[in-house]
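# prediction below, plus the sequence it came from.
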Amino acid sequence: MSSNETTKHPLSLEELETLVAEADTGGRKPTGVTARILFVIALCWSLFQLWYASPLPYMLGVGIIGDNFAREIHLAFALFLAAATFPAFKSSPRDRIPLADWVIGIAGACASLYLLVFYRDLIQRPGLPTTADIIMTVIGVLVLLEAARRAVGPAITVIAVIMIAYMFAGPHLPGLLSHKGASLSRASSQMWLTSEGIFGVALGVSTNVVFMFVLFGTLLEKAGAGGFFIQVAFSLLGKYRGGPAKAGVVASGLTGMISGSSIANVVTTGTFTIPLMKRVGYSATKAGAIECAAGVNGQIMPPVMGAAAFLIAEYVGIPYADVVKHAFFPALLTYGSLFYIVDIEAMKMGLKGLPVRQMRPATATLLRTIMGIAGFIVLCGLVYYGLGWMKGAFGAAASPIAAVLVAAAYVGLVAFRAKHPDLPLDDPEKGFLEVPDFAETARTGLHFLLPVGVLIWCLMVEELSPGLSGFWGTATLMGLLLTQRPLTAFFRGQRGLGAEWLRGSRDLIEGLEAAARNMTTVGVATATAGIIVGVVLLTGVGLVMTELVEFVSNGNIIIMLVLTAMICIILGMGMPTTASYVVVATLMAPVIVNLAAQNDLAVPLVAVHLFVFYFGLMADVTPPVGLAAYAAAAISGADPVKTGYQGFMYEIRTGLLPFIFIFNNALLMIDIPGPVELVFVLGSSVIAMFSFVAATQHWLLIRNRWYETLALLLICFTLFRPGFWLDQISEPFIDQPAADLMAVADQTPTGQALRVRIETQNLNGDTIQKLIRIDMGKGATGAERLRNAGLNLTTLGDTTTVTNVRLGSVVAKNGIVPGDTILAVTVPADRPSRYWFTLPAFALLAAIVLLQRRRRKSAPVVVAA
């Protein structure tokens with residue numbers, strides 16, 4: 001559809017569902033026997049994943065599936081469904097599956113299952129593939145590339161093909177790009193027959209974790225939680241200026257926490273929010289851009305982060321709970337600042353909120369809100385400390401008791417819901433005509449919070465594996481889907497409970513099938529990203545990227561970061577979240593780690609991976625490819641390129657954060673010594689972000705003057721990086737001799753950072769120095785904590801040398817290799833607090849506020865058209 005057509009004709013609900021299907025689940029909808037075959041295959045995939053994730057095989061001692069076997073089965077399902085449900089071309093039939101697609105799908109599944117069937121033969125001849133092995137590898141890789149072209153898009157397919165060509169063409173390339181190359185036999189082993197390529201970490205995370213969370217999100221949506229979140233957001237915010245846009249931001253944040261797709265997030269909430277934004281005065285372009293930015297930001301919101309959270313944990317080598325801890329505050333900053341942008345746009349246009357369905361006195365509303373918040377805090381405290389006490393008092397019996405309590409709470413909440421009529425559903429074509437009452441809205445879906453609570457409890461408190469936590473959350477949700485309809489009917493005294501059971505069962509089965517269809521893209525994307533990982537491991541192209549970026553940036557750390565961010569955006573264009581992250585993390589994260597270390601900047605590895613993740617995700621909103629922008633424009637009726645540009649301007653604030661937490665790790669809750677500094681970090685960061693938004697939007701209380709905009713940018717920089725000004729006066733760290741290393745290590749507790757200066761060699765064989773960060777492991781002594789962090793040292797006289805680095809440890813990923821020499825240990829200098837420099841920034845901000853308040857009183861506000 002052309003831009004002009006889109007401007008005149010926003011898409012209908014059916015067309016929007018088709019748009020999401022084309023991007024996420026496949027646009028083909030066959031009928032008859034073929035439809036039933038696809039339904040059964042998708043259902044079998046979900047049932048297989050449930051069995052694999054559950055503890056039942058280990059409890060019963062039957063049907064235990066190894067990790068490698070599970071990956072092969074996982075990819076077989078994904079390849080078959082990609083060929084069957086995603087048409088090859090725009091002209092391909094949608095109502096039937098051509099014979100060629102049947103052949104492609106079956107061939108891909110057979111190539112994947114070949115590894116399972118001939119597993120014993122393959123492990124007996126590692127690195128020596130037979131002709132049959134090579135043939136199946138070629139078939140598998142070709143089918144995977146075609147599946148990626150259809151299901152994921154041409155971007156990742158082109159990158160994968162280029163990487164394969166680079167692998168074979170190595171000896172014929174000039175300069176840095178040259179390498180030994182690979183024979184077809186070696187490439188087959190690397191790409192398909194081992195876990196170094198396609199069946200590597202990314203596909204493993206997709207198999208072990210991502211499927212469960214996609215299933216969880218799909219079932220939660222099927223249960224009605226998506227609509228509930230939207231209505232709750234509107235009931236809270238709809239009455240304020242720009243209320244529909246503010247509600248859209250909050251609703252997108254809530255749905256984005258469990259959604260793995262920017263496009264699905266935009267369409268789910270945008271169907272309701274964008275027409276309302278246009279109705280209250282937002283232009284079509286701004287309405288689409290706000291929803292686009294909110295939908296994309298849902299992918300950086302823990303606990304799921306578009307499934308990238310689990311990949312980050314694997315690639316960085318830290319627990320999943322730590323990823324959530326590090327990512328949570330930046331995500332809140334991003335959504336809070338978008339909320340502020342929406343408010344500024346509403347102020348500029350003099351907008352008002354929607355009428356309230358049930359007016360309450362302001363004092364009553366405030367009292368109910370305070371009581372609700374207090375009640376929620378008390379409930380959280382009772383759950384946390386109550387269940388914590390149960391674990392100590394009842395031991396192994398605590399979990400069954402907690403399950404009984406959750407079941408009782410569920411029945412009680414459904415009974416409470418049944419006492420009140422269901423909320424009338426607003427027509428999505430018209431949107432909300434008035435703001436629903438919050439109490440009436442909230443009581444209809446409180447039971448939806450229980451599966452989310454179970455999931456987060458298992459992840460964060462019980463510290464179960466993400467896959468097992470996802471299973472228990474999904475199992476709770478399956479029980480909810482089966483029972484919420486018949487229980488509601490029972491408590492209302494209605495007849496026909498059998499029919500309600502059937503409806504619940506149908507919802508569950510349809511949800512299982514839909515989850516498998518949603519996972520097709522993710523499974524194919526992570527497998528294709530494995531090609532890139534395999535080539536990087538085989539050829540060492542990651543080091544080449546480091547050399548190229550260093551050459552172009554001339555060693556300047558800021559230019560290097562900007563260049564890396566641009567490359568991440570380009571690499572992420574047209575790719576889903578998981579694939580985008582794997583690609584940019586494989587190619588660009590080592591670049592930042594190496595070049596930052598050479599610039600005396602010891603950056604935590606998780607900060608580097610969040611940097612590339614954020615900018616890979618920015619591609620979803622960046623024109624001309626931004627897929628989320630096209631989805632939002634399809635609803636708003638605006639030009640997609642203009643929508644993408646406006647969305648990108650809103651997203652500049654998100655692009656600022658990665659640069660900040662590279663230099664100020666405290667934003668990620670890293671290296672914060674105590675509660676006082678935590679308060680300073682949180683408070684100054686919030687004000688800094690809001691100052692940046694006010695500067696980029698040219699509006700604080702009224703339109704800024706040029707010098708106020710510059711002052712706000714200076715305030716933002718100072719509050720985000722208060723240490724910068726102190727560093728100009730006093731060095732933040734001082735070097736001590738390598739002989740003091742163990743003494744300093746003894747004083748560095750578990751989890752804290754030890755910084756060492758090392759001497760190593762680069763790709764050209766030149767001797768260089770690096771500043772490396774070592775996060776200390778557990779142990780009673782410094783030497784033990786270093787060993788547990790993955791580092792073994794030998795001291796001979798005055799020389800300390802690295803003798804061994806544990807494979808896969810954070811130390812290894814930070815660039816330390818055996819043979820490196822420790823030159824010095826770097827310790828913090830004794831100097832004043834960096835937060836003294838925030839005081840002038842706060843004073844300058846107060847002066848700007850006073851100036852604008854005076855101008856606002858003395859002159860009428862000019863309302864923008």
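Done, it's in.
# which ones are touching the closest residue to Leu254 other than its chain neighbours?
Leaving out its chain neighbours, the residue that sits closest to Leu254 by Cβ to Cβ, 6 or more residues apart in numbering is Phe229, at 4.2 Å. Where C-beta positions appear, they are placed from N, C-alpha and C, glycine not excepted. Phe229 is in contact with Ala251, Leu254, Thr255, counting by Cβ atoms under 8 Å, 6 or more residues apart in numbering.
# neighbour-wise, give me the winner out of those.
Within the contacts of Phe229, most neighbours by other Cβ atoms under 10 Å means Ala251, with 30 neighbours.
# give me the distance from the strand or helix carrying that one to the chain's centre.
Ala251 belongs to helix 243-256 when assigned by DSSP states H and E. Counting by Cα atoms, centre = their mean, to the nearest Å, helix 243-256 is centred 17 Å from the centre of its parent chain.
# tell me which strands and helices that helix is in contact with?
Where contact means 3 or more Cβ pairs under 8 Å, 6 or more residues apart in numbering; DSSP states H and E, helix 243-256 is packed against helix 225-237, helix 262-280, helix 284-297, helix 320-349.
# for Ala294, give me the pLDDT.
Ala294 carries a pLDDT value of 86.
# what's the local residue count around it?
Residues lying near Ala294 (other Cβ under 10 Å) number 33.
# which ones are touching it?
Gly248, Val249, Ala251, Ser252, Gly253, Gly256, Val266, Thr269, Tyr335, Leu338.
# which of these sits closest to Ser833?
Distance to Ser833 across the contacts of Ala294 (Cβ to Cβ) is lowest for Tyr335, with 29.4 Å.
# how much space between the nearest residue in space to the closest one that is not next to it in sequence and Gly224?
Nearest non-adjacent residue to Tyr335, counting by Cβ to Cβ, 6+ apart: Gly253, 5.0 Å away. Counting by Cβ to Cβ, to the nearest Å, the gap from Gly253 to Gly224 is 19 Å.
# of those two, which one has the most company?
Neighbour totals were compared for Gly253 and Gly224, and Gly253 leads with 26 against 16 (other Cβ under 10 Å).
# for that one, give me its contacts.
Here Gly253 is in contact with Ala294, Asn297, Gly298, Met301, Tyr335 (Cβ under 8 Å, 6+ apart).
# give me whichever of the helices and strands packed on helix 243-256 is most buried.
Highest mean neighbour count of the helices and strands packed on helix 243-256: helix 284-297, a mean of 31 (counted as mean count of other Cβ atoms under 10 Å).
# chain center to the following helix or strand past it, what's the gap?
Under the assignment DSSP H and E, the closest C-terminal helix or strand after helix 284-297 is helix 308-316. Distance, stretch centre to chain centre, for helix 308-316: 10 Å (Cα atoms, centre = their mean).
# which helices and strands sit right next to helix 308-316?
Helix 308-316 sits against helix 201-205, helix 320-349, helix 577-587, helix 605-618, with contacts defined as 3+ Cβ pairs under 8 Å, 6+ apart.
# columns mean pLDDT and distance to Gly243 on top of those helices, output as JSON lines?
Output for the helices and strands packed on helix 308-316, formatted as JSON lines (pLDDT from 0 to 100; distance: least, Cβ to Cβ, whole Å):
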{"stretch": "helix 201-205", "mean pLDDT": "89", "distance to Gly243": "39"}
{"stretch": "helix 320-349", "mean pLDDT": "89", "distance to Gly243": "8"}
{"stretch": "helix 577-587", "mean pLDDT": "83", "distance to Gly243": "29"}
{"stretch": "helix 605-618", "mean pLDDT": "90", "distance to Gly243": "27"}
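# got TSV for the ones you listed, with distance to Glu708 too?
Listed next are these as TSV, based on distance: least, Cβ to Cβ, whole Å:
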stretch	distance to Glu708
helix 201-205	47
helix 320-349	14
helix 577-587	36
helix 605-618	28
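# relative to Ile456, which of those helices is closest?
helix 320-349 (9.2 Å).
# how about the contacts of Gly253, which pair is most distant?
Maximum distance among the contacts of Gly253 (Cβ to Cβ): 10.3 Å, for Ala294 and Met301.
# wait, Gly637 touches Ala284, no?
Yes - Gly637 is in contact with Ala284 according to Cβ atoms under 8 Å; the separation is 5.2 Å.
# now for the helix ranked longest in the chain, which elements pack on it?
When the chain is parsed with DSSP state H, its longest helix is helix 497-539. Secondary-structure packing of helix 497-539 (3+ Cβ pairs under 8 Å, 6+ apart): helix 32-53, helix 67-85, helix 131-151, helix 154-169, helix 201-205, helix 211-223, helix 466-491, helix 577-587.
# using TSV, please lay out the helices and strands packed on helix 243-256 together with distance to Ile123.
TSV is the format used below for these (distance: least, Cβ to Cβ, whole Å):
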stretch	distance to Ile123
helix 225-237	45
helix 262-280	40
helix 284-297	43
helix 320-349	30
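# domains of this structure?
3-203, 212-358+398-520, 734-828 (automatic domain parsing).
# mean confidence score for the shortest one?
Averaging pLDDT along domain 734-828 gives 86.
# end to end, how far does it reach?
Start-to-end span of domain 734-828 (Cα to Cα, to the nearest Å) is 6 Å.
# now do stretch 448-464
Per Cα to Cα, stretch 448-464 runs 22 Å from first to last residue.
# could I get the average pLDDT for it?
Average pLDDT, stretch 448-464: 80.
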